[in-house]
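Participant: Provided below are the primary sequence and the corresponding predicted coordinates.
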Amino acid sequence: MSMGKRWVAVVAVIAAVAVGAGLADAGNGAKPPQLEFLGQAIVPSGTMFAGTTVGGLSSITYDSARGVFYSLSDDQSVLQPARFYTLTVDVSDGRLDNGDVQFRGVTTLLAPGGQPYPPSSFDPEGLTLAKSGELIVTSEGIATRGIAPFVRRYTVDGSYLGDLPVPDAFLPTSVTHGVRQNLAFEAAAVAPNGRHLFVGMEGALAQDGPAASLAGGSPARILRYNLASGRLDAQYVYDTDPIAEPPVPGTAFAVNGLVELLPFNDQFMLSMERSFSVGAPGTGNTVKLYSVAFPGADDVDGLDSLAPVLGSVRPVQKSLLLDLRTLGLPLDNIEGMAIGPTLPDGRRSLILVSDDNFAATQFTQFLLFALD
């Protein structure tokens, strides 16, 4: 084991010990995972595949039956029609290096009418594979134009199957109500038993509380859907961190939010938060992984606004598992996370992917971890 890998493993083990007490206090002794970093692969910005621009990979999910990943581009049908990619990630040697990620196919997402989505009509962000074999796609909506977010079911050939209900509280009816621009349905993941879908907001609804700032975090919601009934059956509060670094100059753009969820079951999961500040050191990105525990959290389903009750509502509990800055690598805008195939030593792989925003100054970054 190299010194770099050993250091990351030690950091993860220490974090796991620290979180272990907190999760055990939740009542069932759940044990958080340990992580070991095993390499990265870079796909240059502007890479073309099958006539499409590879980029904006905002989410990733693994199809174990086929041995492939699906990764959603957040292109709003502007460069090319909205789409997701089928790709393979070769971890057979227990490492990830350039060339190990291969794009195998691209699938156009079809709107409810059976045609590709019109340009700038939605903002695709979350993608997950259900146990049924369906894909679920989330859109943040476009709040500045009053376009609502959605949660939709798809076949793996990109055909629309139906919508899951989104409460009126999320509709951007004004600047003071509903999702904020680019801070909506970023995370989507199905629990391994296939029973529940979890959809995470990147930040608070306008009427719930503030977006994250340098001074404080944001009360984002996590929605839980029963996939058998197709109904929303619970909502929880997830408190994000504050913005990690001040922007330069101080009035420049900065953000932090919940960008991905990865359930181990219906009660315990990983979350990923990504902070970005213009002019901050390095790439300006800070990415953190957390262990998240739902036992004891209050169900806030049915509330249009959380503002009157935030002082008394118990959010889900989170504990830091890994700050990716400890890897010592330039980090791109990492937004996607999925458990992948088994590694040669028997551990499961954990794959992270970045959304390069189709920017020449960025890159699509895949990271590999071993997950105990």
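Facilitator: Perfect, I can see it now.

Participant: and whichever strand or helix holds residue 257, how far from the chain's centre?
Facilitator: Assigned by DSSP states H and E, residue 257 belongs to strand 254-263. On the basis of CA atoms, centre = their mean, to the nearest Å, strand 254-263 sits 6 Å off its chain's mean C-alpha point.

Participant: so which elements touch it?
Facilitator: strand 185-190, strand 196-201, strand 219-226, strand 268-277, strand 334-342 (3 or more CB pairs under 8 Å, 6 or more residues apart in numbering; DSSP states H and E). (Glycine included, C-beta is placed from N, CA and C.)

Participant: so which of these gets nearest residue 319?
Facilitator: Taking CB to CB, strand 268-277 is the member of those nearest to residue 319, at 10.3 Å.

Participant: quick one, helices of this protein?
Facilitator: 3-23 (DSSP state H).

Participant: spatially central residue for it, please.
Facilitator: Centroid-nearest residue in the chain: residue 260, 2.0 Å away (criterion: CA atoms, centre = their mean).

Participant: for residue 326, see how far away that residue is.
Facilitator: 19 Å (CB to CB, to the nearest Å).

Participant: coming back round to it: closest to residue 58 out of the helices and strands packed on strand 254-263?
Facilitator: Closest approach to residue 58 among the helices and strands packed on strand 254-263 (CB to CB): strand 334-342, 4.8 Å.

Participant: for the closest one, packing partners?
Facilitator: Applying 3+ CB pairs under 8 Å, 6+ apart, we find strand 334-342 packed against strand 57-63, strand 68-73, strand 254-263, strand 268-277, strand 285-293, strand 348-354, strand 363-371.

Participant: picking that back up, so the strand holding residue 257 versus strand 348-354, what angle?
Facilitator: 150 degrees (axes from the mean of the first three to the mean of the last three CA atoms, to 10 degrees).

Participant: direction included, what does strand 254-263 pair up with?
Facilitator: Using DSSP bridges, the strands paired with strand 254-263 in its sheet are strand 268-277 (antiparallel).

Participant: the strand it pairs with versus strand 334-342: what angle between them?
Facilitator: 140 degrees.

Participant: now the angle from strand 268-277 to strand 219-226?
Facilitator: Using the same axes, to 10 degrees: strand 268-277 against strand 219-226 is 140 degrees.

Participant: how many neighbours does the residue nearest to residue 369 when sequence neighbours are not counted have?
Facilitator: Counting by CB to CB, 6 or more residues apart in numbering, the nearest residue to residue 369 once its immediate chain neighbours are dropped is residue 350, at 4.2 Å. When counting by other CB atoms under 10 Å, one arrives at 23 neighbours for residue 350.

Participant: check residue 350 and give its pLDDT.
Facilitator: At residue 350, the model reports a pLDDT of 98.

Participant: neighbours of residue 96, how many?
Facilitator: Neighbour number of residue 96 under other CB under 10 Å is 22.

Participant: hang on, isn't it packed against residue 365?
Facilitator: No. Taking contacts as CB atoms under 8 Å, residue 96 lies outside contact range of residue 365: 10.6 Å.

Participant: what is the residue nearest to residue 369 paired to in the beta sheet?
Facilitator: Going by DSSP bridges, residue 350 forms beta bridges with residue 339, residue 369.

Participant: my read is that it contacts residue 372, right?
Facilitator: No. Counting by CB under 8 Å, residue 372 is not a contact partner of residue 350; they are 10.2 Å apart.

Participant: and for the two, which residues touch both?
Facilitator: residue 35 (CB atoms under 8 Å, 6 or more residues apart in numbering).

Participant: for the closest residue in space to residue 106 that isn't next to it in sequence, phi and psi?
Facilitator: Distances taken as CB to CB, 6+ apart put residue 50 closest to residue 106, at 4.9 Å, once the chain neighbours are dropped. Main-chain torsions, residue 50, degrees, to the nearest 10: phi 50, psi 40.

Participant: tell me, how many residues neighbour residue 50?
Facilitator: Look at residue 50: counted by other CB under 10 Å, it has 12 neighbours.

Participant: same thing with residue 281?
Facilitator: Around residue 281 there are 10 residues (other CB under 10 Å).

Participant: read off the pLDDT value for it.
Facilitator: Looking at residue 281, the pLDDT reads 94.

Participant: these two touch, right, it and residue 245?
Facilitator: Yes. Using CB under 8 Å, residue 281 is in contact with residue 245, at 6.9 Å.

Participant: if we can go back for a sec, and the strand holding residue 257 with strand 196-201, angle?
Facilitator: Strand 254-263 and strand 196-201 are oriented at 180 degrees to each other (the same axes, to 10 degrees).
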